[in-house]
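# Return a 3D structure for these sequence lines:
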Amino acid sequence: MAEKGWRFFVFLFRFVLVALIMFAWFQRSLIYHPTKSDWLLSQESDLAQAVTDIEVVTHDKLTLHGWLALGSERKSAEKPDVPKLLSQGRPLVIVFPGNGGHRAMRQHLLHSLCHWGADAMIFDHRGFGDNDGSPTETHLIRDAHAVWNFATGELKVPAHRIVLYGESLGGGVATRLAADLCAEGVEPGGLIIQSSFSSLVDAGRYHFPALPVSLLLIDRFESEKQIRRVTCPYLHLHGARDVVVPLKLGKKLFTAAPEKSSAGITKQFVLLPNTNHNDVYGPDVNLVTAAVQKFLAGVKQRTGSVPAK
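Residues are numbered from 1 along each chain as shown. Got it, this is the predicted structure:
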């Protein structure tokens with residue numbers, strides 16, 4: 001019996017060891033689920049608004065492709081006058097996507113943001129869509145800074161007119177970017193978080209409770225720590241039925257944020273009672289519309305922006 005017990009212990013130990021090694025080795029394939037495409041041209045989008053292709057070069061000379069949707073202009077065969085349209089003063093929302101798909105799968109989000117009074121810009125993460133490279137936390141954070149520099153530098157949109165919008169994993173990217181900027185004294189117009197987590201470690205524990213995730217995880221996206229440095233207005237949208245990022249992790253992130261922005265604007269959490277993870281613009285879209293539209297209107301009011309005629 002003792003020998004059989006020992007053999008079982010050795011077998012169990014080896015099984016657990018192999019499982020841990022496999023998790024450590026393949027963890028990024030569990031985190032990132034890119035959908036690839038040879039080319040994603042803005043002219044082929046279904047957006048009613050004028051949309052143009054944009055590019056940004058990263059710190060390691062990788063070219064990221066994206067779209068810029070201009071809410072004040074209807075789509076036409078003519079190339080939009082981007083500097084003129086951006087100078088009209090609408091908020092510019094930079095969308096940081098989640099861990100799957102590509103930008104063409106988020107046209108509903110771009111359309112909604114434009115319809116609610118903003119211009120909207122989205123870049124796919126490296127390794128997603130028609131972008132080369134492989135995603136890691138370090139690369140995604142540095143890429144986000146490159147996107148910010150593109151918006152404020154090449155596009156010449158002032159920081160106080162830019163709203164960062166982070167979807168799920170992109171919430172970790174947007175939160176870190178907002179925290180870095182606020183710490184530098186460059187405060188964005190606002191931060192909107194959709195269905196994101198307190199940290200990827202917390203999300204990993206939820207999905208893999210039997211594994212020592214905190215010891216093995218390389219990309220951690222510790223948003224709960226980072227959001228304490230965020231001093232711009234903050235809006236959080238989360239579904240009560242979310243089974244990918246449970247509601248408690250969204251609330252944990254929200255609780256860690258300062259109660260008010262530097263301008264005295266109270267943070268806001270919008271609970272979507274009938275919503276799961278991937279249908280935020282579905283059954284409770286009326287709640288989303290009211291919250292985001294009001295948030296963007298506040299950015300306009302504070303920056304003295306004049307709605308496009």
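# from here on, contacts and neighbour counts on C-alpha atoms
OK.
# Look up the pLDDT of Met1 for me, please.
Per-residue confidence (pLDDT) for Met1: 50.
# quick one: low-confidence parts of the stretch 101-250 of the chain?
In the prediction, the stretch 101-250 of the chain carries no residues with pLDDT under 70.
# quick one, strands of it?
119-123, 162-167, 190-194, 234-239 (DSSP state E, counting those that start in this stretch).
# helices or strands next to the third one in the packing?
For strand 190-194, the packing partners by 3 or more CA pairs under 8 Å, 6 or more residues apart in numbering; DSSP states H and E come out as strand 162-167, helix 169-183, strand 234-239.
# Next: the second one.
Packing partners of strand 162-167 (3+ CA pairs under 8 Å, 6+ apart): strand 92-96, helix 169-183, strand 190-194.
# Okay, now the sheet partners of the last one, with direction.
This means strand 190-194. strand 162-167 (parallel), strand 234-239 (parallel) (DSSP bridges).
# One more: the first one?
If you go by DSSP bridges, strand 92-96 pairs up with strand 119-123 (parallel), strand 162-167 (parallel).
# Generate CSV for these, with mean neighbour count and distance to Ser214 as supplementary columns.
Converted to CSV, the strands paired with strand 92-96 look like this (neighbours: other CA atoms under 10 Å; distance: least, CA to CA, whole Å):
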stretch, mean neighbour count, distance to Ser214
strand 119-123, 26, 30
strand 162-167, 25, 23
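# any chance of these in CSV, plus distance to Lys79?
Formatted as CSV, the strands paired with strand 92-96 follow (distance: least, CA to CA, whole Å):
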stretch, distance to Lys79
strand 119-123, 16
strand 162-167, 23
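# Which among those is found nearest to Arg28?
Closest approach to Arg28 among these is made by strand 162-167 (18.2 Å; CA to CA).
# tell me the contacts of Ser134?
126-127 (CA atoms under 8 Å, 6 or more residues apart in numbering).
# Tell me how many other residues crowd Gly185.
By other CA atoms under 10 Å, the residues close to Gly185 number 10.
# actually Gly170, not the one I typed
26.
# My read is that it contacts Ile94, right?
No: at 10.8 Å, Gly170 and Ile94 do not qualify as touching, with contact defined as CA atoms under 8 Å.
# For the stretch 151-300 of the chain, which segments count as helices?
Counting by DSSP state H, counting those that start in this stretch, the stretch 151-300 of the chain has helices at residues 169-183, 200-207, 213-216, 223-226, 247-256, 285-303.
# Between helix 169-183 and the second one, find me the angle.
When axes from the mean of the first three to the mean of the last three CA atoms, to 10 degrees is applied, the directions of helix 200-207 and helix 169-183 differ by 160 degrees.
# residues of helix 200-207 that come out buried?
200-204, 206 (16 or more other CA atoms under 10 Å).
# Between those, which sits nearest Thr303?
Once CA to CA is applied, the member of these that ends up nearest Thr303 is Leu200, at 34.0 Å.
# From Thr35, how far out is Gln27?
Gln27 is 17 Å from Thr35, where distance means CA to CA, to the nearest Å.
# can you list the strands paired with strand 190-194 in TSV and add distance to Ile141?
Converted to TSV, the strands paired with strand 190-194 look like this (distance: least, CA to CA, whole Å):
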stretch	distance to Ile141
strand 162-167	12
strand 234-239	19
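# among these, which is nearest Asp279?
Per CA to CA, nearest to Asp279 of the strands paired with strand 190-194: strand 234-239, 8.6 Å.
# Check the offset of that closest one from the chain's centre.
12 Å (CA atoms, centre = their mean, to the nearest Å).
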